[in-house]
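S.K.: no sequence on this one, just coordinates:
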């Protein structure tokens with residue numbers, strides 16, 4: 001599926017590294033993204049937060 005109705009995504013505390021994919025911006029109903037306590041780079045793609 002496309003997850004078009006997903007409102008909350010919690011990927012915290014998973015030791016994820018690298019960058020968040022820009023394709024997260026395709027989640028048009030997303031209102032909360034929790035990615036704390038991972039090893040992600042500090043850059044967030046400009047398409048996120050729109």
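M.R.: It's in. Bear in mind that the values here come from a model prediction, so they are computed numbers and not experimental data. Numbering: from 1, shown residues only.

S.K.: what about the residue lying closest to residue 16 once chain neighbours are set aside, how many neighbours?
M.R.: Once flanking residues are discounted, residue 16 sits nearest to residue 38: 4.2 Å by C-beta to C-beta, 6 or more residues apart in numbering. The C-beta positions use only the backbone N, C-alpha and C, and glycine is treated the same way. By the criterion of other C-beta atoms under 10 Å, residue 38 has 16 neighbours.

S.K.: Kindly report the same for residue 37.
M.R.: Residue 37 is flanked by 12 other residues according to other C-beta under 10 Å.

S.K.: what's the answer for residue 48, then?
M.R.: Around residue 48 there are 15 other residues, counting by other C-beta under 10 Å.

S.K.: now the protein, which segments are flagged as low pLDDT?
M.R.: Within the chain, the ranges that satisfy pLDDT under 70 run 1, 50.

S.K.: Which residue ranges of it form strands?
M.R.: For the chain, the strands defined by DSSP state E cover 8-10, 17-18, 32-34, 39-40.

S.K.: Roughly how far does residue 9 sit from residue 15?
M.R.: Going from residue 9 to residue 15 by C-beta to C-beta, to the nearest Å gives 17 Å.

S.K.: Looking at these two, which has the bigger crowd around it?
M.R.: Taking neighbours as other C-beta under 10 Å, residue 9 and residue 15 compare with residue 9 leading, 15 against 8.

S.K.: Hmm, the more buried one is touching residue 34, no?
M.R.: Yes. Between residue 9 and residue 34 there is a contact at 7.3 Å, judged by C-beta atoms under 8 Å.

S.K.: Who are the contact partners of residue 16?
M.R.: By C-beta atoms under 8 Å, 6 or more residues apart in numbering, the contact set of residue 16 is 35, 38-40.

S.K.: can you do 7 Å?
M.R.: By C-beta atoms under 7 Å, 6 or more residues apart in numbering, the contact set of residue 16 is 38-40.
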